[in-house]
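Engineer: mind looking at a prediction? Sequence and model below.
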Amino acid sequence: MAILVTGSAGFIGSNFVLDWLAGSDEPVINLDKLTYAGNLENLASLKDNPNHIFVHGDIGDVKLVSELLEKYQPRAVVNFAAESHVDRSIHGPEDFIQTNILGTFHLLEAVRAYWQKLPSPVHGGRIEGITKADFRFLHVSTDEVYGSLTKDEPAFTETHRYEPNSPYSASKASSDHLVRAWHHTYGLPVLTTNCSNNYGPYHFPEKLIPLLIVNALAGKSLPVYGDGQQIRDWLYVKDHCSAIRCVLEKGKLGEVYNVGGWNEKANLDIVHIVCDLLDELRPMGVVSGEVVSGESEVVSGESKIVSGESEVVSGESEVVSGESKIVSGKSEVVSGQTRHFPLSTDHFPLSTDHSPLSTDHSPLSTDHSPLSTYRSLITFVTDRPGHDRRYAIDARKIERELGWKPAETFETGIRKTVQWYLDNQDWVNNVLSGNYRQWVEKQYGK
Ligand code: NAD
Ligand code: DAU
């Protein structure tokens, strides 16, 4: 038997495949388009593993997916493939519609055709290989489809109404509905998981936690959207992977399972925790053996900014303080305040030509602590448009019915995560410089 996993060169998918093959001999067919978020370096340790078969391709390519299904006869498809970054979806929703909605639709159609041809055991008779009854399609989704909670509302249960607020969450909600409909209409044996915010190894540094770590280590500013009091529920990525394995094994067909870490935290608290851990593990001023001084950057998408007399050469986001010039991109100057909106959809690690921008960052730092702590890099920036205030997952159903619960607390998981980034600076540098894309370009010519 084998499983087909889509999007597994990305953050969660690569963790899932690594964990799967660490605990099983069952082969994984890994289908990934290798967008900017797909990084085969995440899977480098599987280079000589014959049970990992990587295929470069799009979930929307029905012909390719059908060929893979016919060839490998997987007993399950686990669908991670998606455009996943909310900020990018605000600036450029089209890729989200294309992959998350149309891609899922085409994947479902290819899978349905395959599943309908699988044999059914008759009168308890034995059949070699995969049967219709054994097959599973597991769709990996998000808590963001449920919308935003006020401070006092109860956490999202599986029956919470869908109220997606961003182009990203609307596209994921659409895909969830398609998956549900393919079960109700065609009987496709589907399972859906809706998970909260993950963090951990191989997390692309456009997302909050890895961005904080990477920027802090480089002495760059730590952008906090709005007042930083938005709340997310955080789950260590390995726990998400174990939940998916559990649902795949024991989940009831057609059911939805919320997955969460029971770790609600305000963004500003996350920033403080990361800063304090770095203060402990890699005190400020020493970065990979070098002393860092004052270059300031706000990154989420392609941007770099500095205070004082400076220029943004390319990119579309901005932080301005003092006299600055934006050559291209959108900007806003507000005296005494930092403005930032992560508008870029370009793939930020590919941009490297910002060299002349270095200045000190002192006007960008907002308040507080002495400069010897990473907290001094915290910078409040313009809020994300339509920013959801609070997510909270009620994960009692998966615990009650399937016996799953997270193994990590936030304290243990975040410590492991920060340590992973400290120990894997080459991975970080290859992502930031865009070097991780070179193999893709060489191999696939783009
Ligand atoms: P990611 O952006 O890190 O990875 C996405 C992967 O999908 C990349 O490898 C990319 O190359 C691939 N991909 C994109 N479009 C594709 C296409 N058309 N065909 C094939 N591959 C394609 O995302 P992630 O954070 O690992 O999230 C994985 C899944 O989990 C997504 O569906 C996301 O919505 C969901 N999710 C993420 C989180 C989170 O906190 N990151 C939480 C809950 C749910
Ligand atoms: O809830 C699950 C979702 O979590 C997943 O479905 C998404 O794929 C995943 O990207 C994540 O979405 P968020 O928008 O919550 O994650 P992000 O890391 O982008 O932001 C986390 C919070 O931090 C959010 O409230 C916005 C804020 N933020 C983010 C960035 C990048 C900042 O304050 N500053 C930043 O620079």
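Structural biologist: The structure has been received and is ready for your questions. Numbering: from 1, shown residues only. Ligands and ions are numbered 1, 2, ... in the order given.
Engineer: and stretch 384-401, what's buried?
Structural biologist: By neighbour count with 16 or more other CB atoms under 10 Å, stretch 384-401 contains the buried residues 384, 388, 390-395, 397-398. (Glycine included, C-beta is placed from N, CA and C.)
Engineer: near ligand 2 at all, it?
Structural biologist: Yes - using CB under 6 Å from any ligand atom, we find that stretch 384-401 touches ligand 2 at 384, 391.
Engineer: residues contacting the residue found closest to P385 once you drop the neighbours it is linked to in the chain?
Structural biologist: What sits nearest to P385 in space, not counting adjacent residues and going by CB to CB, 6 or more residues apart in numbering, is I90, at 5.8 Å. By CB atoms under 8 Å, 6 or more residues apart in numbering, the contact list for I90 reads 166-167, 343, 384-386.
Engineer: which helix or which strand is home to F105?
Structural biologist: Using DSSP states H and E, F105 sits within helix 104-117.
Engineer: which residues touch the helix or strand following that helix?
Structural biologist: Where DSSP H and E defines the elements, the next helix or strand beyond helix 104-117 is strand 136-142. Strand 136-142 has contacts (CB under 8 Å, 6+ apart) with 12, 75-80, 82, 104, 108, 111, 115, 169, 172, 175-176, 179, 182, 188-196, 244, 247-248, 251, 253.
Engineer: contact partners of the helix holding F105?
Structural biologist: Taking CB under 8 Å, 6+ apart as the rule, helix 104-117 contacts 6, 59-62, 65-66, 69-70, 77, 79, 81, 132, 135, 137, 139, 174-175, 178-179, 182, 186, 188-189.
Engineer: what angle do that helix and strand 136-142 make?
Structural biologist: For helix 104-117 against strand 136-142, the angle by axes from the mean of the first three to the mean of the last three CA atoms, to 10 degrees is 160 degrees.
Engineer: quick one: name the residues of the stretch 101-250 of the chain near ligand 2.
Structural biologist: Counting by CB under 6 Å from any ligand atom, the stretch 101-250 of the chain sits next to ligand 2 at 142-144, 196-197, 207-208, 211, 223-225, 230, 232.
Engineer: picking that back up, close to ligand 1, is the helix holding F105?
Structural biologist: No - judged by CB under 6 Å from any ligand atom, helix 104-117 stays clear of ligand 1, getting no closer than 8.4 Å.
Engineer: and that helix, how far out from the chain's middle?
Structural biologist: Centre-to-centre, helix 104-117 and its host chain are 25 Å apart (CA atoms, centre = their mean, to the nearest Å).
Engineer: out of the contacts of I90, who's nearest ligand 2?
Structural biologist: Among the contacts of I90, R384 lies closest to ligand 2 (CB to the nearest ligand atom), at 5.7 Å.
Engineer: tell me who's in contact with the closest residue to that closest one other than its chain neighbours.
Structural biologist: Nearest non-adjacent residue to R384, counting by CB to CB, 6+ apart: Y225, 5.0 Å away. Neighbouring residues of Y225 by CB under 8 Å, 6+ apart: 267, 340, 381-384, 387.
Engineer: in the sheet, who's paired with Y225?
Structural biologist: V381 (DSSP bridges).
Engineer: look up how far A173 lies from it.
Structural biologist: To A173, Y225 is 22 Å away according to CB to CB, to the nearest Å.
Engineer: for M1, grab the count of nearby residues.
Structural biologist: 12 (other CB atoms under 10 Å).
Engineer: who's in contact with the residue nearest to it when sequence neighbours are not counted?
Structural biologist: Nearest residue to M1 in three dimensions, chain neighbours excluded: R75, at 4.6 Å (CB to CB, 6+ apart). Shown in contact with R75 (CB under 8 Å, 6+ apart): 1-3, 130, 134-136.
Engineer: cool, and K207?
Structural biologist: K207 makes contacts with 11, 85, as judged by CB under 8 Å, 6+ apart.
Engineer: ditto for E83
Structural biologist: For E83, the contacting residues are 35, 37, 89, 95-96, 99-100, 168, 171, by CB under 8 Å, 6+ apart.
Engineer: V237: how many residues sit nearby?
Structural biologist: Residues near V237, counting by other CB under 10 Å: 23.
Engineer: residue of the protein closest to ligand 1, please.
Structural biologist: Ligand 1 sits closest to G10 of the chain, with a gap of 2.0 Å, by CB to the nearest ligand atom.
Engineer: tell me the phi and psi of that residue?
Structural biologist: With angles defined as degrees, to the nearest 10, G10 sits at phi -90, psi -170.
Engineer: any idea which element the residue lying closest to it once chain neighbours are set aside lies in?
Structural biologist: Once flanking residues are discounted, G10 sits nearest to A37: 5.0 Å by CB to CB, 6+ apart. Secondary structure assignment for A37, by DSSP H and E: no helix or strand.
Engineer: neighbours around A37, how many?
Structural biologist: Using other CB under 10 Å: A37 sits among 23 other residues.
Engineer: surely it meets A81?
Structural biologist: No - assessed by CB atoms under 8 Å, A37 is found out of contact with A81, at 10.0 Å.
Engineer: which residues do the two both contact?
Structural biologist: Any residue near both A37 and A81 by CB under 8 Å, 6+ apart counts here, and that gives G10.
Engineer: next up, phi/psi of V259, please.
Structural biologist: Per degrees, to the nearest 10, the backbone of V259 is at phi -130, psi 130.
Engineer: can you name the residues that contact it?
Structural biologist: Residues near V259 by CB under 8 Å, 6+ apart: 193-196, 235, 240, 243-244, 393, 395, 398, 404.
Engineer: what parts of the stretch 51-200 of the chain come near ligand 1?
Structural biologist: Counting by CB under 6 Å from any ligand atom, the stretch 51-200 of the chain sits next to ligand 1 at 58-60, 80-82, 84, 99, 103, 140, 142, 172, 195, 197-198.
Engineer: and of these, the nearest to S433?
Structural biologist: The closest of those to S433 turns out to be S84 (CB to CB; 21.8 Å).
Engineer: that closest one contacts G10, doesn't it?
Structural biologist: Yes - using CB under 8 Å, S84 makes contact with G10 at a distance of 7.2 Å.
Engineer: who touches both of these two?
Structural biologist: Shared contacts of S84 and G10, defined by CB under 8 Å, 6+ apart, are found at A37.
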